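Colleague: Mind folding the following:
(chains A and B)
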Protein chains: 2
Amino acid sequence: MDEVPWNEHGLIAAVTQDHRTDRVLTVAWMNREALKETVATGQAVYWSRSRNRLWRKGEESGHVQKLVELRLDCDADAVLLRVEQAGGIACHTGRESCFFRKLEDGRWVTTDPVLKDPSAIYKS
Amino acid sequence: MDEVPWNEHGLIAAVTQDHRTDRVLTVAWMNREALKETVATGQAVYWSRSRNRLWRKGEESGHVQKLVELRLDCDADAVLLRVEQAGGIACHTGRESCFFRKLEDGRWVTTDPVLKDPSAIYKS
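Modeller: Just a heads-up that it's a prediction; the model follows:
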């Protein structure tokens, strides 16, 4: 923890990758508490900048991310989580990955299918 | 470009992945200009927060990153670059990836070898 130079907002970038498919699933943020809880519980916990609180990934959707491996980059301002993704869905849109758009001829084109309707994931 | 909600510093996170090995190589930052030049030239260009200028990856080391695919995440505040990494070295420490440390029993352990001595990469 002390090797991490927590930035002015106390946050580092957290990249999450599926340990089986190697697909990059999400980019999110962690503060010290989120990183600590991730390691302690073995499940991904992020800091939600929009909600300004800890975000236990999957708390509503059930799409938890079980930590398989945690890596730190050279200047210690980003971590890489290799995870087992419950349900095979990381994105709130019901897709495998948040990176479901690809640049083609200057336009962002959606390349990934919705695997589960978000209204069936998030009960209101 | 207009779909990207450039943040208070005008930056988005840029995750770069080797398109052959699927290894996550680096996490860096881009401003509008960096993203534009990356797309225009087909080579990764980032914004260096420490040097406060455009950073054409490989400009000193020769370890350029040829863009194979560019993806955008759901809330458009991160991009994923899939690249061909020249020299097989992305990190300034002479390693394949910047994520060369892994958490083991509460300690960050270096798991990756130095492929080329940095003093041989960066001529002073």
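Colleague: Is there proximity between stretch A:91-106 and chain B?
Modeller: Yes: Stretch A:91-106 is in contact with chain B by CB under 8 Å from any CB of the partner chain, via A:Cys91, A:His92, A:Thr93, A:Arg95, A:Cys98, A:Phe99, A:Phe100, A:Arg101, A:Lys102, A:Leu103, A:Gly106. C-betas here are computed from N, CA, C, even on glycine.
Colleague: Now rank those residues by neighbours and give me the top one.
Modeller: Neighbour counts for these (other CB atoms under 10 Å in any protein chain shown) peak at A:Phe99, which has 28 neighbours.
Colleague: follow-up on the earlier one: save the residues of stretch A:91-106 next to chain B as JSON lines, and put in secondary structure and pLDDT too.
Modeller: Output for these, formatted as JSON lines (DSSP: H, G, I helix; E, B strand; the rest coil; pLDDT from 0 to 100):
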{"residue": "A:Cys91", "secondary structure": "coil", "pLDDT": "97"}
{"residue": "A:His92", "secondary structure": "coil", "pLDDT": "95"}
{"residue": "A:Thr93", "secondary structure": "coil", "pLDDT": "96"}
{"residue": "A:Arg95", "secondary structure": "coil", "pLDDT": "97"}
{"residue": "A:Cys98", "secondary structure": "coil", "pLDDT": "98"}
{"residue": "A:Phe99", "secondary structure": "coil", "pLDDT": "98"}
{"residue": "A:Phe100", "secondary structure": "coil", "pLDDT": "98"}
{"residue": "A:Arg101", "secondary structure": "strand", "pLDDT": "97"}
{"residue": "A:Lys102", "secondary structure": "strand", "pLDDT": "97"}
{"residue": "A:Leu103", "secondary structure": "strand", "pLDDT": "97"}
{"residue": "A:Gly106", "secondary structure": "coil", "pLDDT": "92"}
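Colleague: Any chance of TSV for those residues, columns distance to B:Thr110?
Modeller: Listed next are the residues of stretch A:91-106 next to chain B as TSV, based on distance: CB to CB, whole Å:
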residue	distance to B:Thr110
A:Cys91	33
A:His92	35
A:Thr93	37
A:Arg95	35
A:Cys98	30
A:Phe99	29
A:Phe100	34
A:Arg101	35
A:Lys102	34
A:Leu103	35
A:Gly106	41
